[in-house]
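Engineer: What would the 3D arrangement of this be:
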Amino acid sequence: MLLVEGWLKLASGEFDKIIDQARVMVKETNAEEGCLHYSFARDISDPDLIRISERWVGNDAMTAHTESAHMAAFNKALAGAKIEGVDLWLYSAEDLRKLM
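Structural biologist: Numbering: from 1, shown residues only. From the prediction side, this is the model:
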């Protein structure tokens, strides 16, 4: 399993400009084969800080996602937004157990 976790910091009000495309991105990605979880969430302390969380069955599924039409459309929308920072990490999960 692959996990992606991190954040995207946009300038004030920028996420509101792309939120419709972000909703499409999340909905379409969660319907992809091999996607176990995909979400964007606004940080409760900063509405322009977007938390990113993803779980994939493996590399092939994640690669297909990066080549999808909805990813291209989202990247195009994101290119028009002012990004102040980003920190996104890919992890390989070898051991998995449910905590709650």
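Engineer: going forward, measure contacts and count neighbours with C-alpha atoms only.
Structural biologist: Will do.
Engineer: show me where the protein has helices.
Structural biologist: 14-30, 59-66, 69-79 (DSSP state H).
Engineer: ok, residues contacting the last one?
Structural biologist: In this case it means helix 69-79. Ile18, Gln21, Ala22, Val24, Met25, Glu28, Thr29, His65, Thr66 (C-alpha atoms under 8 Å, 6 or more residues apart in numbering).
Engineer: how about Met1, what does it touch?
Structural biologist: Residues counted as contacts of Met1 (C-alpha under 8 Å, 6+ apart) are Arg55, Trp56, Val57, Gly58, Ser92, Ala93, Glu94.
Engineer: Just the pLDDT at it, thanks.
Structural biologist: Met1 is assigned 93 on the pLDDT scale.
Engineer: What count of nearby residues applies to the residue lying closest to it once chain neighbours are set aside?
Structural biologist: Of all residues not flanking Met1 in the chain, Val57 sits nearest, at 4.7 Å (C-alpha to C-alpha, 6 or more residues apart in numbering). By the criterion of other C-alpha atoms under 10 Å, Val57 has 16 neighbours.
Engineer: So Val57 sits against Cys35, correct?
Structural biologist: Yes: with contacts counted by C-alpha atoms under 8 Å, Val57 reaches Cys35, the gap being 6.5 Å.
Engineer: Can you spell out which residues form a bridge with the residue nearest in space to the middle of the chain?
Structural biologist: What sits nearest the mean C-alpha location of the chain, by C-alpha atoms, centre = their mean, is Ile52, with 4.6 Å. Ile52 has the following beta-bridge partners by DSSP bridges: Gly6, Phe40.
Engineer: Having no further points to raise, I will conclude here.
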